[in-house]
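S.K.: the following block contains a protein sequence and its predicted model.
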Amino acid sequence: MLEKFKESVSFINSKTNVKPTIGIILGTGLGGLVKEINIIDEIPYEQIPNFPISTVESHSGKLIFGELGGKIVVAMQGRFHFYEGYDMKQVTFPVRVMKLLGIEALFVSNASGGVNPDFAVGEIMIQNDHINLFPAHPLIGKNIDELGPRFPDMSEPYDPRMIALAQEIAAEMNIKVSVGTYAGLTGPTLETPAEYVYVRNIGADAVGMSTVPEVIVARHMEIPCFAISIITDLGVPGKIKKVSVADVIEVASRQEPKMTAIMSELIARI
């Protein structure tokens with residue numbers, strides 16, 4: 001696998017001279033951050049050796065290189081999910097590549113369902129922890145010692161300094177944010193009422209189908225992580241409604257400018 005990572009990196013370096021220090025993964029309906037990037041180069045996923053191809057209609061499929069908040073960034077416009085049929089090593093492949101490109105921090109966004117009864121649709125939640133409920137783990141198999149240890153510590157999956165700074169920025173901008181735990185499930189079905197109750201009972205505030213694998217791999221390589229969720233629907237008893245992907249995208253797109261403002265300023269200040 002290490003040779004595949006290096007092959008992808010070599011190809012990317014042949015297409016751009018940009019050397020990113022920040023990696024960004026954008027979730028469903030949350031691609032607006034790209035508009036804030038001073039784009040220098042774009043590389044479609046299908047051109048990159050060994051890269052998966054995004055199969056979700058709401059996800060574009062390209063790496064974007066440019067400048068944001070005075071930092072050089074690489075953004076994934078469109079991520080990969082376990083439910084698309086990819087294994088965990090494919091899902092997290094781009095994170096490995098971004099590390100070898102030189103990133104020193106990873107920023108992740110997602111749309112998720114809220115199970116905290118205090119949440120409302122449109123809530124912005126900064127993640128301070130996660131629960132891995134995926135049936136597979138991205139680090140299973142032979143460890144690549146050049147990238148990280150066999151048994152990585154996960155006591156700080158999300159960087160406390162960036163969380164605190166993001167809260168300060170949100171307060172300055174008069175944007176209400178919450179902090180909570182994200183549970184990662186496979187999808188592609190949304191959860192049943194009983195599953196929502198289960199996720200809440202084991203300690204989560206929100207539930208989604210991404211983020212956890214990418215963060216695990218990033219932390220394996222000692223990359224500090226920051227993740228933010230937009231609550232697009234509620235899994236709270238008495239508040240559960242039928243939800244379509246269009247509904248998720250509509251809420252995410254409506255709240256996305258606030259998330260973009262927080263993340264852009266956070267990147268500028270770190």
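M.R.: On my side now, so go ahead.

S.K.: show me where the stretch 101-250 of the chain has its helices.
M.R.: For the stretch 101-250 of the chain, the helices defined by DSSP state H, counting those that start in this stretch cover 160-172, 193-201, 212-220, 245-269.

S.K.: what mean pLDDT does the last one get?
M.R.: Right, helix 245-269. Throughout helix 245-269, pLDDT has a mean value of 94.

S.K.: could you do stretch 106-116 as well?
M.R.: Rounded mean pLDDT across stretch 106-116 is 97.

S.K.: then stretch 84-97?
M.R.: On average, stretch 84-97 scores 96.

S.K.: can you give me the first-to-last residue distance of it?
M.R.: Taking C-alpha to C-alpha, to the nearest Å as the measure, stretch 84-97 stretches 20 Å from start to finish.

S.K.: now that stretch: buried residues?
M.R.: For stretch 84-97, the neighbour count (16 or more other C-beta atoms under 10 Å) marks 84, 86, 88, 89, 90, 91, 92, 93, 94, 95, 96, 97 as buried. C-beta coordinates here come from the backbone N, C-alpha and C atoms, glycine included.

S.K.: would you confirm that the second one belongs to a strand?
M.R.: No. Judged by DSSP: H, G, I helix; E, B strand; the rest coil, residue 86 forms no part of a strand; its state is coil.

S.K.: distance check, it against residue 220.
M.R.: 18 Å (C-beta to C-beta, to the nearest Å).

S.K.: could you do the first one as well?
M.R.: Distance, residue 84 to residue 220, using C-beta to C-beta: 22 Å.

S.K.: do you know how far the nearest residue to residue 137 once chain neighbours are set aside is from residue 152?
M.R.: Spatial nearest neighbour of residue 137, chain neighbours left out: residue 88 (6.5 Å); criterion: C-beta to C-beta, 6 or more residues apart in numbering. From residue 88 across to residue 152, the span is 15 Å (C-beta to C-beta).

S.K.: then residue 178?
M.R.: 27 Å.

S.K.: repeat for residue 191
M.R.: For residue 191, the distance to residue 152 - C-beta to C-beta - is 28 Å.

S.K.: more neighbours, these two?
M.R.: residue 191 (20 against 14; other C-beta atoms under 10 Å).

S.K.: of the buried residues of stretch 84-97, which is the nearest to residue 265?
M.R.: Closest approach to residue 265 among the buried residues of stretch 84-97 (C-beta to C-beta): residue 95, at 23.5 Å.
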